[in-house]
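Asker: how does the following fold in three dimensions:
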Amino acid sequence: MTPLRVVIVDDEPLARDSVRLALAHDEDVTVVAECEDGDAAAEAIDALRPDVVFLDVQMPGRDGFGVIEAVGPGRMPAVIFVTAYDAHALRAFEVHALDYLLKPFDDARIREALDRARRAGALEERLTALVEQMTRRGAEGGHYVTRFVVRHGDRASLVRAADVEWIEADGNYVVLHVRGGAHRLRASLRALAEQLDPRQFARIHKSTIVNLDRVRELQPWFGGDYVAILVDGRQLRVSRSFAAGVLRPMQ
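Answerer: Numbers count the residues shown, from 1 in each chain. Sure thing, here's the model as predicted:
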């Protein structure tokens with residue numbers, strides 16, 4: 001069997017560990033690089049020319065589709081997408097006959113995906129079509145993020161986007177506030193804002209996104225700012241530069 005050189009790309013260390021440990025069972029597989037962001041991934045793929053890449057779809061900054069665009073579909077190795085997308089969006093991968101791992105995943109599923117990658121044929125046309133389809137999703141109101149994978153130690157669970165009341169930036173992370181708790185994810189607020197349905201979520205401050213369904217009223221504040229009062233009584237500042245995005249859906 002021909003040896004395989006693999007690159008693992010995921011911003012979550014636990015996910016990278018899961019893939020690496022599963023691949024350790026195959027003596028003919030060598031992990032030549034692990035990357036935690038899209039920029040490093042594009043450089044590693046370009047420089048190392050691996051046979052297979054396990055590619056996280058959602059990452060801060062350059063996401064998985066951005067990595068494909070940067071490297072070029074014709075220069076990409078076999079791709080196994082790692083994703084937390086819901087079933088509706090996953091159909092895009094299936095239509096283009098591209099394999100994916102849905103978080104959380106197990107060792108058997110990783111090895112199955114690797115076996116498929118060994119048999120993969122030409123990918124350029126399929127990758128090109130997928131990138132074009134997924135980069136259109138925002139403009140067409142299509143495949144926005146509807147669920148988040150959140151970690152609790154070595155466990156993972158899904159949180160519906162509709163259940164998130166507001167989101168705040170926390171350095172290189174964001175905090176999802178849901179009724180009765182909060183969940184911390186590694187992501188930038190700017191990148192996350194582009195992945196959420198603007199009919200439901202609006203950025204109200206450089207460090208805050210709110211679920212419009214949870215806003216009870218807006219009250220004028222000083223200097224053109226507003227205060228958003230949520231249904232539970234919490235008050236969030238709406239800066240003047242973002243106020244129009246909140247007011248428009250409520251008019």
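Asker: strands paired with the helix or strand containing F54, and their directions?
Answerer: Using DSSP states H and E, the secondary-structure element containing F54 is strand 52-56. Sheet pairing of strand 52-56 (DSSP bridges) gives strand 4-9 (parallel), strand 78-83 (parallel).
Asker: can you name the next helix or strand after the first one?
Answerer: Using DSSP H and E, the helix or strand that directly follows strand 4-9 along the chain is helix 13-23.
Asker: next, the angle strand 52-56 makes with that following helix.
Answerer: Here helix 13-23 runs at an angle of 150 degrees relative to strand 52-56 (axes from the mean of the first three to the mean of the last three C-alpha atoms, to 10 degrees).
Asker: buried ones in helix 13-23?
Answerer: For helix 13-23, burial by neighbour count (16 or more other C-beta atoms under 10 Å) applies to A15, R16, S18, V19, R20, A22, L23. Where you see a C-beta, it was placed from the backbone N, CA and C, and this is true even at glycine.
Asker: what helices and strands are in contact with the helix or strand just after that helix?
Answerer: With elements assigned by DSSP H and E, the helix or strand that comes after helix 13-23 is strand 29-35. Under the contact criterion of 3 or more C-beta pairs under 8 Å, 6 or more residues apart in numbering; DSSP states H and E, strand 29-35 touches strand 4-9, helix 13-23, helix 38-48.
Asker: tell me the average confidence for the shortest one?
Answerer: Just to be clear, that refers to strand 4-9. The average pLDDT within strand 4-9 is 94.
Asker: send me that strand as CSV with only the CA atoms.
Answerer: The C-alpha trace of strand 4-9 is given here as CSV (Å, rounded to 0.1, in the frame of the first residue of the first chain):
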residue,chain,number,x,y,z
LEU,A,4,0.2,8.6,2.7
ARG,A,5,1.5,12.0,3.9
VAL,A,6,-1.2,13.8,5.8
VAL,A,7,-1.8,17.4,7.0
ILE,A,8,-4.3,18.0,9.8
VAL,A,9,-6.0,21.4,9.9
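Asker: any buried residues in that strand, and which?
Answerer: When neighbours are counted by 16+ other C-beta under 10 Å, the buried residues of strand 4-9 are found to be L4, R5, V6, V7, I8, V9.
Asker: touching that strand from outside, list them.
Answerer: The set of residues that contact strand 4-9 without belonging to it, under C-beta atoms under 8 Å, 6 or more residues apart in numbering, is 16, 19-20, 23, 26, 28-36, 38, 41, 44-45, 48-56, 59, 64, 67, 77, 82, 114, 117-118.
Asker: just the buried members of these?
Answerer: Using 16+ other C-beta under 10 Å, the buried ones in the contacts of strand 4-9 are 16, 19-20, 23, 29, 31, 33-36, 38, 41, 44-45, 50-56, 59, 64, 67, 77, 82, 114, 117.
Asker: what helix or strand does the residue nearest the centre of the chain sit in?
Answerer: In the chain, the centroid-proximal residue (C-alpha atoms, centre = their mean) is Q58; its distance is 2.0 Å. Taking DSSP H and E as the criterion, Q58 maps to no regular element, lying outside all helices and strands.
Asker: tally of neighbours for the residue lying closest to it once chain neighbours are set aside?
Answerer: Excluding the flanking residues, the one nearest Q58 by C-beta to C-beta, 6 or more residues apart in numbering is A84, at 6.5 Å. A84 is flanked by 22 other residues according to other C-beta atoms under 10 Å.
Asker: can I assume A84 is in contact with R151?
Answerer: No - distance between A84 and R151: 11.1 Å, which falls outside the contact criterion (C-beta atoms under 8 Å).
Asker: what sits against the closest residue to S188 other than its chain neighbours?
Answerer: Among residues not flanking S188 along the chain, P60 sits closest, at 4.4 Å (C-beta to C-beta, 6+ apart). For P60, the contacting residues are D11, D37, N172, R186, A187, S188, A191, taking C-beta under 8 Å, 6+ apart as the criterion.
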